[in-house]
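Visitor: Have a look at this fold, sequence not included:
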Ligand SMILES: CC(C)(COP(=O)(O)OP(=O)(O)OC[C@H]1O[C@@H](n2cnc3c(N)ncnc32)[C@H](O)[C@@H]1OP(=O)(O)O)[C@@H](O)C(=O)NCCC(=O)NCCS
């Protein structure tokens, strides 16, 4: 998988298809998507976009004294899951965060993906919360030395 930067518009069709099927692509635009400090990555196979993730310079509420980055909308197309692409893309997110002097990285993770984050070394918060129209989530995070 070839990972490269993409723009907000390029993320929208996979965001909708894989994460927010009940919304229109335009409704899948998130706050901060076009900020200069935001980075969208796409994973391409044979020049087709197969995976996405977006990274925002944004601390966890209550932990703004450290430099935090949030990632959102990490997704791999259905037929290509469980082949290591998710972890590959997450490693690219971690590299981006390290390159930008992040102290920590975090996400609001779907409970359906909790085991993925646990397996790849993230700390899982013990408080679940519901995102309207999507389901149960939990905060996951990792720190950098
Ligand atoms: C979650 C997601 C990004 C993981 O990507 P992936 O390419 O399938 O994951 P990988 O192949 O890199 O998996 C790494 C490990 O986690 C495991 N894993 C992946 N997804 C898992 C899940 N949902 N539940 C349990 N284990 C999972 C894999 O089996 C693998 O374990 P192994 O090393 O023991 O074989 C992908 O399944 C996806 O796009 N899901 C739908 C969208 C979504 O929910 N995104 C997360 C939003 S928070």
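Guide: Cool, the structure landed. Note that the coordinates shown come from a computational prediction; the quantities given were computed from them, not determined experimentally. Numbering: from 1, shown residues only.
Visitor: What sits closest to the residue positioned nearest the centre of the chain if chain neighbours are left out?
Guide: Geometric centre of the chain, nearest residue: residue 72, 3.1 Å, by CA atoms, centre = their mean. Spatially, and ignoring its direct neighbours in sequence, residue 72 is nearest to residue 54 (5.1 Å; CB to CB, 6 or more residues apart in numbering). The C-beta positions use only the backbone N, C-alpha and C, and glycine is treated the same way.
Visitor: State whether that neighbour is indeed within a helix.
Guide: No: assessed with DSSP: H, G, I helix; E, B strand; the rest coil, residue 54 is strand; it does not lie in a helix.
Visitor: picking that back up, the residue nearest to the centre of the chain in helix, strand or coil?
Guide: strand.
Visitor: got a pLDDT number for residue 64?
Guide: On the pLDDT scale, residue 64 is placed at 85.
Visitor: ok, back up a step: partners of the residue nearest to residue 72 in the sheet?
Guide: Here residue 54 shows beta-bridge partners residue 40, residue 72, assigned using DSSP bridges.
Visitor: Check this protein for the residue nearest the ligand and tell me.
Guide: residue 86 (2.1 Å; CB to the nearest ligand atom).
Visitor: Name all residues that make contact with that residue.
Guide: By CB atoms under 8 Å, 6 or more residues apart in numbering, the contact list for residue 86 reads 51, 74, 76, 116.
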